[in-house]
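A.B. asks: Need coordinates for the below:
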Amino acid sequence: MAISASKMINCNRRTLSPPTLSFSKLQNHSKSTILGFSSLFQHSHLSYSPISISPFPSPVAKAASSVVEVDDHKNSFDSTPTTTTGSWPEFARNVSGEWDGHGADFSIEGKPIELPESVVPEAYREWEVKVFDWQTQCPTLAETEDFTVAYKLIKLLPTVGCEADAATRYSIDERTIRGSDNRVAAFGYHSNGCYVALWPMEDGLLELEHCLIDPQNKESRVRIIQVLLVDNRRMVLQNIRVFREHWYGPFRNGEQLGGCAVKESAFASTDAMKSSEVVGVWQGYSSVASFHGSNDFQELVEGSNQKKSIRDEDSLILLPKQLWCSVSEREEDETCCEVGWLLDRGRAITSRCIFSKEANLKEIAVSSESLAVEDGIAIDNHRSN
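C.D. replies: Alright, predicted model coming up:
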């Protein structure tokens with residue numbers, strides 16, 4: 001049983017202009033702050049600083065996926081990325097705002113990880129209720145002039161019922177893309193608000209953050225973070241973090257809490273999706289960015305040809321709310337890191353990253369895919385905007 005939020009608020013964000021507030025309060029990438037409660041550090045499963053995750057062994061599955069091939073150039077990331085304006089203003093408008101929801105950690109088997117007992121309200125402990133979800137805030141601001149993005153991930157202490165309106169902040173993790181506090185190694189963005197960010201952490205860890213927007217409802221998104229250990233150039237999945245979020249207003253730096261008005265509810269303990277909904281041949285159009293040398297900040301550009309992907313059950317990690325992910329080895333010792341969101345029967349949005357044998361990022365591809373029938377004809381092969 002998990003904590004949930006009830007009732008919904010209605011807002012129409014798409015008529016808003018791009019935010020003009022300063023992002024100075026959101027500076028200092030990967031600045032993680034734990035607010036009091038020293039006993040909360042004693043839980044053995046969860047790591048609350050983004051640089052202190054304890055790795056554990058995990059096999060890397062052999063890939064059964066066919067993806068776009070690119071040349072194997074070693075990628076060295078530069079602190080001064082290059083880009084063109086492209087669709088950045090539209091991306092900035094779609095990604096900026098107050099994103100509220102819930103987040104949870106999952107093991108490499110796709111099992112939810114409980115919150116530490118010390119953060120769970122006494123009433124839940126007395127009822128022996130297990131709590132897996134944090135209620136979260138993610139105020140985000142993308143600046144249209146200097147191509148920067150800054151956000152804060154705020155975790156709130158679990159509360160009983162609609163006491164969530166007065167919830168206490170447990171931790172704040174601040175991150176910045178570009179600018180003087182940039183720590184991102186690579187960033188790819190799409191005009192609709194989707195993005196992929198690669199965050200180098202300590203102890204050989206990487207956080208690969210995939211943000212996917214529902215194309216039918218741009219106020220709904222998921223962020224799936226694959227925590228990876230680079231061990232002798234092998235990329236080994238350590239755990240997975242999932243955030244389901246809803247946009248409920250323009251950027252206010254987290255000063256307004258949605259509380260019981262948050263549209264998303266706790267999800268970690270709900271049923272995982274079925275493998276039969278993912279396994280098979282998929283095809284669709286991809287928006288792609290290739291990373292070579294110092295060009296580490298790019299727009300995802302739509303290609304003109306459909307690409308096919310083959311997914312088998314062995315390589316999939318099935319998650320709740322029609323989500324999945326995988327980390328698999330490909331030919332030439334490349335690694336493919338993928339996440340997906342099944343939007344409807346036979347229709348999904350995916351994000352895939354290809355790493356070279358030296359563990360350098362080669363390509364990001366965000367795709368709108370449909371499940372193909374046996375003769376290779378797609379059930380629905382139209383492009384999604």
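A.B. asks: who's in contact with Val278?
C.D. replies: Counting by C-beta atoms under 8 Å, 6 or more residues apart in numbering, Val278 makes contact with Arg311, Leu316, Leu318, Trp324, Gly340, Leu342, Ala348. All C-beta atoms are positioned from the backbone trio N, CA, C, and that covers glycine.
A.B. asks: Please report how far the residue nearest to Gly97 when sequence neighbours are not counted lies from Glu202.
C.D. replies: Among residues not flanking Gly97 along the chain, Trp247 sits closest, at 5.0 Å (C-beta to C-beta, 6 or more residues apart in numbering). Trp247 sits 32 Å away from Glu202, going by C-beta to C-beta, to the nearest Å.
A.B. asks: how about low-confidence regions in the stretch 151-300 of the chain?
C.D. replies: Confidence mapping of the stretch 151-300 of the chain against pLDDT under 70 gives the ranges 161-166, 257-264, 294.
A.B. asks: how about the strands in it?
C.D. replies: 169-177, 186-189, 195-200, 205-214, 217-231, 234-247, 280-290, 297-299 (DSSP state E, counting those that start in this stretch).
A.B. asks: strands paired with the last one, and their directions?
C.D. replies: Partners of strand 297-299 in the sheet, by DSSP bridges, are strand 186-189 (parallel).
A.B. asks: can you pull the buried residues of the partner strand?
C.D. replies: Residues of strand 186-189 classed as buried by neighbour count (16 or more other C-beta atoms under 10 Å): Ala186, Phe187, Gly188, Tyr189.
A.B. asks: which one of those is nearest Val95?
C.D. replies: Nearest to Val95 out of those is Tyr189 (C-beta to C-beta; 7.8 Å).
A.B. asks: hey, where'd the helices end up in the protein?
C.D. replies: Along the chain, the stretches classed as helices by DSSP state H are 88-95, 122-126.
A.B. asks: where's the longest one relative to the chain centroid, distance-wise?
C.D. replies: On the basis of C-alpha atoms, centre = their mean, to the nearest Å, helix 88-95 sits 17 Å off its chain's mean C-alpha point.
A.B. asks: doesn't Ile177 make contact with Asp146?
C.D. replies: No: taking contacts as C-beta atoms under 8 Å, Asp146 lies outside contact range of Ile177: 11.0 Å.
A.B. asks: Look at these two and report which has more neighbours.
C.D. replies: For the pair Asp146 and Ile177, the greater number of neighbours falls to Ile177 (22 against 9), based on other C-beta atoms under 10 Å.
A.B. asks: Residues in a beta bridge with the more buried one, which ones?
C.D. replies: Val149.
A.B. asks: how much space between it and Trp282?
C.D. replies: Distance, Ile177 to Trp282, by C-beta to C-beta: 30 Å.
A.B. asks: One more: Glu302?
C.D. replies: From Glu302 to Trp282 the distance is 17 Å (C-beta to C-beta).
A.B. asks: Please say which of these two ends up with more neighbours.
C.D. replies: Comparing Glu302 with Trp282 by other C-beta under 10 Å, the one with more neighbours is Trp282, at 25 against 14.
A.B. asks: ok, that one to Thr350 distance?
C.D. replies: As judged by C-beta to C-beta, Trp282 and Thr350 stand 8 Å apart.
A.B. asks: which residues are in contact with both of those two?
C.D. replies: Taking C-beta under 8 Å, 6+ apart as the criterion, Trp282 and Thr350 both touch Ser309, Glu369.
A.B. asks: Could I get the contacts of Val278 in TSV, plus columns for pLDDT and neighbour count?
C.D. replies: Below are the contacts of Val278 laid out as TSV (pLDDT from 0 to 100; neighbours: other C-beta atoms under 10 Å):
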residue	pLDDT	neighbour count
Arg311	95	26
Leu316	97	21
Leu318	98	19
Trp324	98	24
Gly340	98	27
Leu342	98	20
Ala348	98	25
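A.B. asks: Mind picking the one among those residues that's closest to Glu209?
C.D. replies: The closest of these to Glu209 turns out to be Gly340 (C-beta to C-beta; 15.0 Å).
A.B. asks: The closest one and Leu319 touch, don't they?
C.D. replies: No: in this structure, Gly340 is not within contact of Leu319 by C-beta under 8 Å, at 9.6 Å.
A.B. asks: what sits in contact with each of those two?
C.D. replies: The contact sets of Gly340 and Leu319 overlap at Cys325 (C-beta under 8 Å, 6+ apart).
A.B. asks: From Ser304, how far off is the residue nearest to Lys130 when sequence neighbours are not counted?
C.D. replies: Spatial nearest neighbour of Lys130, chain neighbours left out: Glu114 (5.5 Å); criterion: C-beta to C-beta, 6+ apart. Look at Glu114 and Ser304: by C-beta to C-beta, they are 47 Å apart.
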